[in-house]
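1. let's see this in three dimensions:
(2 chains)
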Amino acid sequence: MTIQISQIVLIAATLGFIIYAFQLRTILLDRFLYALIALAAIIFVIDPALSTRIANAIGVGRGTDLILYAFIMFSLFQVVTVSASLREIERKLTLIVRETAISRPAAGRPRRTLI
Amino acid sequence: MSQPSEVCVVVPAFNEGRMIGRVLLDVTALPYQVVVVDDGSSDDTTAQALAFPVTVLRHVCNLGQGAALQTGINFACRQLQAKFLVTFDADGQHRAVDIERLLQPLHRGEYDIVLGSRFLPEGSATGISWGRRVILRLGAILTRIVTGLALTDTHNGLRALTAETASKLQLTENGMAHASEILSAIARLRLRYCEVPVAVTYTGYSLAKGQSGLNSLNIVWDMIRMKLR
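-> Residues are numbered from 1 along each chain as shown, chains lettered A, B, ... in the order given. Next up is the predicted model:
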């Protein structure tokens, strides 16, 4: 098995993405990333052959494949982010419901005492 | 020997209006404090429970059994100053007389948590199906492999633990995975644990309410997930 430069680039990009997802994320950087993705999309629309040229350069074949890979990576990133925030919301909801319940205890019929 | 009032039985209940009366009749015959956590039921579970000498806490929406247990445990420790906690299912599968047996090892100070087992020689599982028996056995084997705990019955709702143990547990699994969460916590915190034989009775009602056999495959996933955490 020979490792191509394209593979090294893709692995490095994936690792960079993971580091970004877990360490470097800020709202500003996220917005910058989204803007970058939107810009890339516009450029690919204007020049459809560009994606193929880039794909050929890094050795993934067709341009559609390149965009597919990027899409998969982006979607996975989104899934992880969304599920993390869902868990956090669920944790907070539990806390609210629990504290509400504890602050409003209802006493049942008193225990009959033995005479 | 501790005071009976230092013991609190926590009964999580979701839509158990038909059964909770029978369960509480049995449990409140004992001298312990009882906390019922109505986990957002849409039926008359709370009204039924209030006919007994218990405290009812009500979740405004349904969160799951694990969350209900933790709510009851928090209340028992903070407001009732309970020293010993018992978890008891509301579907009528447990017997209140088993509670005392569960508490004895805790009273002696030898253990942090005592788990009820329907599969120990003196325990029993009336009305259990062949398939469920196999699944629970597999659960025990799997628990042994994943956590190293040697247990005969890993998913029994009847347990007793000290308040100190409860404060270390802090269940974050709202659903049914709390059973596996407790087991992995026992292993992680190196808690002193033992099993005590208890009787479990399956009825048409508890079977319909409880988890289906196939759902118990979730246990496998939960155990692995908690190991990785």
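
2. can you list contacts of the worst-scoring helix or strand of chain A on mean pLDDT?
-> None of the helices or strands of chain A scores lower by mean pLDDT, DSSP states H and E than helix A:5-19, at a mean of 80. If you take CB atoms under 8 Å, 6 or more residues apart in numbering or on different chains as the criterion, helix A:5-19 is touched by A:58, A:59, A:60, A:69, A:73, A:77. Placement of C-beta: from N, CA and C, glycine included.

3. can you give me the neighbour number for the residue in chain B positioned nearest to chain A?
-> Nearest to chain A, among the residues of chain B, is residue B:53, at 3.7 Å (CB to the nearest CB). As a burial measure, residue B:53 scores 15 neighbours (other CB atoms under 10 Å in any protein chain shown).

4. swap in residue B:150?
-> Residue B:150: 10 neighbours (other CB under 10 Å).

5. a helix runs through it, doesn't it?
-> No. Looking at residue B:150 with DSSP: H, G, I helix; E, B strand; the rest coil, it is coil, so not inside a helix.

6. dead centre of chain B: give me the residue that sits there.
-> residue B:157 (3.0 Å; CA atoms, centre = their mean).

7. gap between residue A:59 and chain B?
-> 34 Å (CB to the nearest CB, to the nearest Å).

8. excluding chain neighbours, what is closest to that residue?
-> With CB to CB, 6 or more residues apart in numbering or on different chains as the measure, residue A:6 is the residue that lies nearest to residue A:59, at 3.2 Å, once sequence neighbours are left out.

9. so residue A:43 is in which element?
-> Using DSSP states H and E, residue A:43 sits within helix A:27-46.

10. quick check: angle from that helix to helix A:5-19?
-> 140 degrees (axes from the mean of the first three to the mean of the last three CA atoms, to 10 degrees).

11. can you read off the backbone torsions of residue B:116?
-> Main-chain dihedrals, residue B:116, degrees, to the nearest 10: phi -80, psi 140.

12. what is the nearest of the contacts of helix A:5-19 to residue B:7?
-> Using CB to CB, residue A:77 comes nearest to residue B:7 of the contacts of helix A:5-19, at 49.8 Å.

13. what is the helix or strand hosting residue B:101 packed up against?
-> Here residue B:101 sits within helix B:97-107, counting by DSSP H and E. Helix B:97-107 is packed against strand B:7-13, strand B:84-87, strand B:113-117, strand B:159-162, strand B:193-197, with contacts defined by 3 or more CB pairs under 8 Å, 6 or more residues apart in numbering or on different chains; DSSP states H and E.

14. and the longest one, how far out from the chain middle?
-> This points to strand B:7-13. Using CA atoms, centre = their mean, to the nearest Å, the mean C-alpha position of strand B:7-13 is found 9 Å from that of the whole chain.

15. helices or strands next to it in the packing?
-> Going by 3+ CB pairs under 8 Å, 6+ apart, strand B:7-13 lies up against helix B:20-27, strand B:33-38, helix B:65-78, strand B:84-87, helix B:97-107.

16. with respect to residue B:220, which of the ones you listed lies nearest?
-> That would be helix B:65-78 among the helices and strands packed on strand B:7-13, by CB to CB, at 17.6 Å.

17. for the residue of chain B closest to chain A, give its distance to residue B:25.
-> 11 Å (CB to CB, to the nearest Å).

18. follow-up on the earlier one: can you give me the buried ones in the helix holding residue B:101?
-> B:98, B:99, B:101, B:102, B:103, B:105, B:106, B:107 (16 or more other CB atoms under 10 Å in any protein chain shown).

19. and the nearest residue to the first one once chain neighbours are set aside, what does it touch?
-> Translated: residue B:98. Leaving out its chain neighbours, the residue that sits closest to residue B:98 by CB to CB, 6+ apart is residue B:198, at 4.2 Å. Contacts for residue B:198 (CB under 8 Å, 6+ apart) come out as B:94, B:95, B:98, B:101, B:102, B:116, B:117, B:118, B:123, B:156, B:158.

20. same thing but at 7 Å, please
-> If you count contacts by CB atoms under 7 Å, 6 or more residues apart in numbering or on different chains, residue B:198 has them with B:94, B:98, B:116, B:117, B:118, B:123, B:158.

21. just give me the least confident of those.
-> Across the set of those, residue B:123 stands lowest in pLDDT, at 85.

22. count residues in the vicinity of that one, would you?
-> The burial count for residue B:123: 19, using other CB under 10 Å.

23. quick one, phi psi at it?
-> phi -80, psi 170.

24. low pLDDT regions in chain B?
-> Along chain B, the model assigns pLDDT under 70 to residues B:1-2, B:209-216, B:229.

25. packing partners of the longest helix seen in it?
-> Secondary structure of chain B per DSSP state H: the longest helix is helix B:130-147. Using 3 or more CB pairs under 7 Å, 6 or more residues apart in numbering or on different chains; DSSP states H and E, the elements in contact with helix B:130-147 are helix B:178-188, helix B:218-228.

26. now these as CSV including distance to residue B:60 and mean neighbour count?
-> As requested, the helices and strands packed on helix B:130-147 are exported to CSV (distance: least, CB to CB, whole Å; neighbours: other CB atoms under 10 Å in any protein chain shown):
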stretch, distance to residue B:60, mean neighbour count
helix B:178-188, 20, 22
helix B:218-228, 26, 16
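
27. tabulate the ones you listed in a markdown table, adding columns for distance to residue B:142.
-> Below are these laid out as a markdown table (distance: least, CB to CB, whole Å):
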| stretch | distance to residue B:142 |
| --- | --- |
| helix B:178-188 | 10 |
| helix B:218-228 | 6 |
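
28. understood, closing this out.
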